[in-house]
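Undergrad: compute the structure for the input listed below.
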Amino acid sequence: MIGLISATAAGAAARDRLAAAWPDRTRVYDGPVGDAVRRAFAECEQLVCFLATGAVVRLVAPLLGDKASDPGVVCVDEGGRFAVSLVGGHGGGANELAREVGELLGAEPVVTTATDAVGVPGLDTLGLPVEGAVAAVSRALLDGEPVALHNESGWPLPALPVAPEGAYGIRVTDRLVELSGQEVVLRPPTLVVGVGASKGAPAEEVLELIEGSLREAGLSPRSVAALATVDAKAEEPGIVAAAGRLGVPLVTHTAEELAAVEVPNPSDAPLAAVGTPSVAEAAALLGGGELLVPKRKSAASPAMATCAVVRRPARGRLAVVGLGPGARDLLTPRAKAELQRASVLVGLDQYVDQIRDLLRPGTRVLESGLGAEEERARTAVEEARRGQAVALIGSGDAGVYAMASPALAEASDDIDVTGVPGVTAALAAAAILGAPLGHDHVSISLSDLHTPWEVIERRVRAAAEADIVVTFYNPRSRGRDWQLPKALAILAEHREPATPVGVVRNASRPDESGRLTTLAALDPATVDMMTVVTVGNTATRDIAGRMVTPRGYRWQTSEEDSK
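TA: Numbers count the residues shown, from 1 in each chain. Okay, here's the model as predicted:
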């Protein structure tokens, strides 16, 4: 929850704008400002104070505890010009909150956290628990001193300015290690603890068994990704409570799934009780990995809990990122986050140029020209298989006539893949034209470089006969000048000459152009590869210079439509 505090009418007006925009995220604190700040500080994860920074400093100073637990605090000035991240930039999320508040209120976000200012990832922002000399190593990174990275787990990390050797060090491991005053350790979530328990097993017994087993094996509990058990124990209080205290999810599997896992220590007792000869070992091993701690029983008499520990291998990560049609404000926040999370960027050279300034220092860029799409897809997958965090970029939405399909055709289940949607050319063009896609619509590429023309023509004819709005991608190039006239002729067999046609070139870019014409009047020679052509159906109309396709073939008003 975000607490909102203001002292003046102008501050209250800006406060109310935030409250209206984020009704489920915010709570307004009224009354004397000092009391309001104290209450919000105790009750909320973040605060936005519409007050001078000096006033907020004096109010929150006595309340501060430590950076791991303090809420993030953002100040907005009386004129609404700046959103200042004051406290808890990373741990409290104030840096990102300042950016969100700035975007909503039209204020400039002010972030003074050193790592954010120079584009170096903060060690406490990598999504992994961090221990050790965080401040000293962060300062070394900022000062350009050599910092060695020892990534024992092979966990995919964003670009970090590290060196093979150095007086300072970053270790990525799930093992318990002794650190010098110049090292930090990042804890990757590589460990899965399988747990079995008799009915009524105390949480203390389960937790003591888990923690003792990890400690004796030299493993950190902060690297535990999940507890796993049989589904018959999904609501066993002791197991549920242990997962809660460790702060990890409880994953359950059926007895049939567990019985199929080969384990070193099967037993008749769980077979009789829940239908599988192993719970702890099988639940930990299901999904693969190295058995580090075979089944152990708790020390209580009688023993009511068992556990086993497996290390899952780190997996490389491939993010397929859609950059949108070109305008920076149509690049999604999620896409920006993925670009900054990557240690390797793969893309078409002209697309790389669009977003190069968003990459973190040290990001390895693998770019190539037109025609090398399959090579880029293979490169991205290979880099992910080497354990890298890879971003593969494409224009528009990467899944629409772009890089997602060749990449996923190459990828197997040995890497993690995430897709980041983008604004497609068809949608960007439609927004310029009006509302041409208000009813059923289809996108068809007229490029026959990868698809035989006979197949393309069959699809165009089907769309024509079905009376569906059609958006043509790749409509015409120097070497392909007859396909668009042919496609338009097929549509003309089923649509009137006056059918509206929208032509948009370089949607959302500085030289954007858009015009509305008709099926009979469109000159294909005015179209090139940077153009999207949208042909309406029999219901599409030119209304006040805008291309509009009704939601139905008759304008309908109903209770359903009015919602």
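
Undergrad: which phi and psi does residue 142 have?
TA: Main-chain dihedrals, residue 142, degrees, to the nearest 10: phi -70, psi -30.

Undergrad: contacting residues around the residue nearest to residue 287 when sequence neighbours are not counted?
TA: Spatially, and ignoring its direct neighbours in sequence, residue 287 is nearest to residue 312 (6.8 Å; C-beta to C-beta, 6 or more residues apart in numbering). Bear in mind the C-beta positions are built from the backbone N, C-alpha and C, glycine included. Applying C-beta atoms under 8 Å, 6 or more residues apart in numbering, one finds that residue 312 lies in contact with 190-192, 225, 287-289.

Undergrad: what would the residues you listed look like in CSV with secondary structure and pLDDT?
TA: Shown next, in CSV, are those (DSSP: H, G, I helix; E, B strand; the rest coil; pLDDT from 0 to 100):
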residue, secondary structure, pLDDT
190, coil, 95
191, strand, 97
192, strand, 97
225, strand, 95
287, coil, 85
288, coil, 90
289, coil, 93
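
Undergrad: ok, of the residues you listed, which come out buried?
TA: By neighbour count, with 16 or more other C-beta atoms under 10 Å, the contacts of residue 312 hold 190-192, 225, 289 as buried.

Undergrad: which of those sit farthest apart?
TA: Within these, 225 and 289 form the most distant pair, 10.6 Å apart (C-beta to C-beta).

Undergrad: now the common contact residues for the two.
TA: In contact with both residue 225 and residue 289: 192, 312, using C-beta under 8 Å, 6+ apart.

Undergrad: before we move on, the earlier item: dump the buried ones among the contacts of residue 312 to CSV, plus distance to residue 64.
TA: Shown next, in CSV, are those (distance: C-beta to C-beta, whole Å):
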residue, distance to residue 64
190, 34
191, 34
192, 37
225, 32
289, 42
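
Undergrad: spatially central residue in the chain, please.
TA: In the chain, the residue lying closest to the centroid (C-alpha atoms, centre = their mean) is residue 334, at 5.2 Å.

Undergrad: quick check: next helix or strand after the helix or strand of the chain with the lowest mean pLDDT?
TA: Here the helix or strand of the chain ranked lowest by mean pLDDT, DSSP states H and E is helix 114-118, holding a mean of 63. Heading C-terminal from helix 114-118, the first helix or strand you meet, by DSSP states H and E, is strand 130-132.

Undergrad: and that following strand, what does it pack against?
TA: strand 183-186 (3 or more C-beta pairs under 8 Å, 6 or more residues apart in numbering; DSSP states H and E).

Undergrad: can you tell me what sits against the strand it packs on?
TA: For strand 183-186, using C-beta under 8 Å, 6+ apart, the contacting residues are 123, 126, 128-134, 137, 155, 157, 168-173, 177, 179.

Undergrad: export that strand as CSV, just CAs?
TA: The C-alpha trace of strand 183-186 is given here as CSV (Å, rounded to 0.1, in the frame of the first residue of the first chain):
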residue,chain,number,x,y,z
GLU,A,183,33.1,-9.5,-1.2
VAL,A,184,29.4,-10.1,-1.6
VAL,A,185,27.5,-13.3,-2.3
LEU,A,186,24.4,-13.5,-4.3
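
Undergrad: and that strand, how far from the chain's centre?
TA: Distance, stretch centre to chain centre, for strand 183-186: 25 Å (C-alpha atoms, centre = their mean, to the nearest Å).

Undergrad: ok, stretch 208-220 next?
TA: With C-alpha atoms, centre = their mean as the basis, stretch 208-220 stands 33 Å off its chain's centre.

Undergrad: just give the nearest non-adjacent residue to residue 492, would you?
TA: Nearest to residue 492 is residue 519, by C-beta to C-beta, 6+ apart, at 5.7 Å.

Undergrad: residue contacts, the one you found?
TA: By C-beta under 8 Å, 6+ apart, the neighbours of residue 519 are 488, 491-492, 495-501, 535.

Undergrad: since we're on residue 352, how many residues are nearby?
TA: 18 (other C-beta atoms under 10 Å).

Undergrad: which ones are touching it?
TA: So residue 352 contacts 345, 365, 367, 393 (C-beta under 8 Å, 6+ apart).

Undergrad: got phi/psi on the second one?
TA: If I follow you right, that is residue 365. phi -110, psi 120.

Undergrad: unless I'm mixing things up, it is touching residue 358, no?
TA: No. Residue 365 lies out of contact with residue 358 (C-beta atoms under 8 Å); the separation is 11.8 Å.

Undergrad: what about those two, which has more around it?
TA: Set side by side, residue 365 and residue 358 show more neighbours around residue 358, with 16 against 13, by other C-beta under 10 Å.

Undergrad: so the more buried one sits against residue 339, correct?
TA: Yes. Residue 358 lies in contact with residue 339 (C-beta under 8 Å); the separation is 5.0 Å.

Undergrad: pretty sure residue 91 is touching residue 124, no?
TA: Yes. Between residue 91 and residue 124 a contact is recorded at 6.3 Å, counting by C-beta under 8 Å.
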